[in-house]
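*Asks:* return atomic coordinates for the entry below.
(one chain, ligands or ions: 1)
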Amino acid sequence: MASDRTTQLEFAVQMTCDGCVNAVRTALEGAQGVQSVKIDLAREEVLVESALTSQEVLRLIESTGRRAVLKGMGVAEQDLGVAVAMMGGAGPVQGVVRFLQVTEDCCMIDGTIDGLEPGPHGLHVHELGDLTKDCLSCGDHFNPAGRQHGAPQDSERHVGDLGNILAGSDGRALFRLEDSQLKVWDIIGRSLVVDSGEDDLGRGGHPLSKQNGNSGERLACGIIARSASLFQNAKQICACDGVTIWEERDRPLAGKGRKTTDTPAANL
Ligand SMILES: [Zn+2]
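*Replies:* Numbers count the residues shown, from 1 in each chain. Below you'll find the predicted structure:
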C-alpha cells in the first residue's frame with residue numbers, strides 16, 4: 001500500500017555559502033510533504049524529514065541548480081536495515097529502488113523506474129541475486145513459505161509479491177510503498193524485477209495467475225544490496241578509484257565510463 005509515513009533522508013549537496021543554504025531551504029520548506037529540514041553548510045549536508053520519495057526530494061534540492069547525492073536514509077527511532085537495487089535490463093527500463101525497514105513489521109519501498117510503457121507493471125522480489133542470464137536467472141518470486149501468488153495485502157502470497165507500480169504518460173513510475181511481510185534482512189542478496197504487464201494478483205484465472213500473476217516478461221532487474229542508513233556513509237571520495245561522490249552521481253557504478261575524467265572534480 002502507498003505510504004504517508006515520514007522518513008529521514010540524508011543528502012550531500014554542493015553548497016558554498018549562506019545563499020546556497022537559503023535557496024535549498026526555501027525549495028524544501030515550500031514543498032508539500034516536507035516536515036523538517038536541517039542544513040549543515042560546513043559539511044555540505046542536508047537532512048530532510050518527509051513523506052516524499054527520495055527522488056522527489058532530490059529533484060527539489062536540484063531545482064536550485066545544485067547537485068545532490070542521497071547518502072543515507074532511515075527513521076529516527078531505530079536502524080533495522082536499508083538496501084538498494086539498481087534496476088537495469090536489455091531495454092530502456094532502468095531505475096533505483098530502496099528498501100527501508102521502518103519497524104519489524106513495516107518495510108518501506110521507495111523507488112523510481114523509468115522507460116516503462118504507461119500503466120501498471122508487476123513488481124516482485126525474486127529468490128536469486130543471479131543476473132548471469134540477465135533477469136531470467138533471478139529465479140521465481142521469493143516464496144520461503146511455499147504459498148501461492150497473491151496481492152500484497154493477502155496473507156496467501158509470496159513474500160516477494162509487491163503488486164503493481166503505475167507508470168505515468170512519461171514512462172516513469174514513482175512509488176513509496178509499505179509492506180508487512182518483506183524484511184530487509186531476508187532480501188539482501190536477492191533481486192528485484194519489474195515486469196512488462198499488470199500483475200493480476202492471483203485473481204486472473206490464467207494458468208500463471210497463481211504462480212506469478214501473469215505479468216509478462218521481465219523488463220529490468222537488480223540485485224538487492226545492503227545500503228547506508230543515516231550518518232553511516234562518511235565518504236566524500238571513493239577510496240578505490242578516486243571518483244568523488246559528485247562525479248559518481250553522473251557515472252555508471254562500474255565498467256566503461258566510470259573512470260573518464262572529462263568533468264573536472266567538484267570542489268569538496
Ligand atoms: Zn508471486
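
*Asks:* now do the strands in the stretch 101-250 of the chain.
*Replies:* Assigned by DSSP state E, counting those that start in this stretch, the stretch 101-250 of the chain shows strands spanning 106-114, 119-126, 132-135, 161-167, 173-179, 191-195, 218-226.

*Asks:* just name the most buried of those strands.
*Replies:* Comparing those by mean neighbour count (mean count of other CB atoms under 10 Å), strand 191-195 comes out on top with a mean of 28. (C-beta placed from N, C-alpha, C; glycine too.)

*Asks:* got the contact list for it?
*Replies:* The contact list for strand 191-195, computed with CB atoms under 8 Å, 6 or more residues apart in numbering, reads 85, 87, 93, 95, 97, 113, 116, 121-126, 128-131, 135, 138-139, 165, 173, 215-224.

*Asks:* got it, and stretch 204-219?
*Replies:* Counting by CB under 8 Å, 6+ apart, 89, 91, 93, 116, 121-122, 124, 134-136, 138, 140-141, 148-149, 161, 164, 193-203 sit against stretch 204-219.

*Asks:* ok now whichever strand or helix holds residue 96, how far from the chain's centre?
*Replies:* Per DSSP states H and E, residue 96 falls inside strand 94-103. For strand 94-103, the separation from the chain centroid amounts to 4 Å (computed by CA atoms, centre = their mean, to the nearest Å).

*Asks:* could you pull up the mean pLDDT of that strand?
*Replies:* Computed over strand 94-103, the mean pLDDT rounds to 93.

*Asks:* what is whatever helix or strand residue 26 lives in packed up against?
*Replies:* According to DSSP H and E, residue 26 maps onto helix 18-29. Helices and strands touching helix 18-29, by 3 or more CB pairs under 8 Å, 6 or more residues apart in numbering; DSSP states H and E, are strand 34-40, strand 45-50, helix 54-62.

*Asks:* so which of the ones you listed is nearest residue 156?
*Replies:* helix 54-62 (31.7 Å; CB to CB).

*Asks:* and that closest one, how far out from the chain middle?
*Replies:* In terms of CA atoms, centre = their mean, the centre of helix 54-62 is set 13 Å apart from its chain centre.

*Asks:* tell me the strands beside the very next helix or strand once past that helix, with direction?
*Replies:* Later in the chain than helix 54-62, the nearest helix or strand by DSSP H and E is strand 68-74. Using DSSP bridges, the strands paired with strand 68-74 are strand 7-13 (antiparallel).
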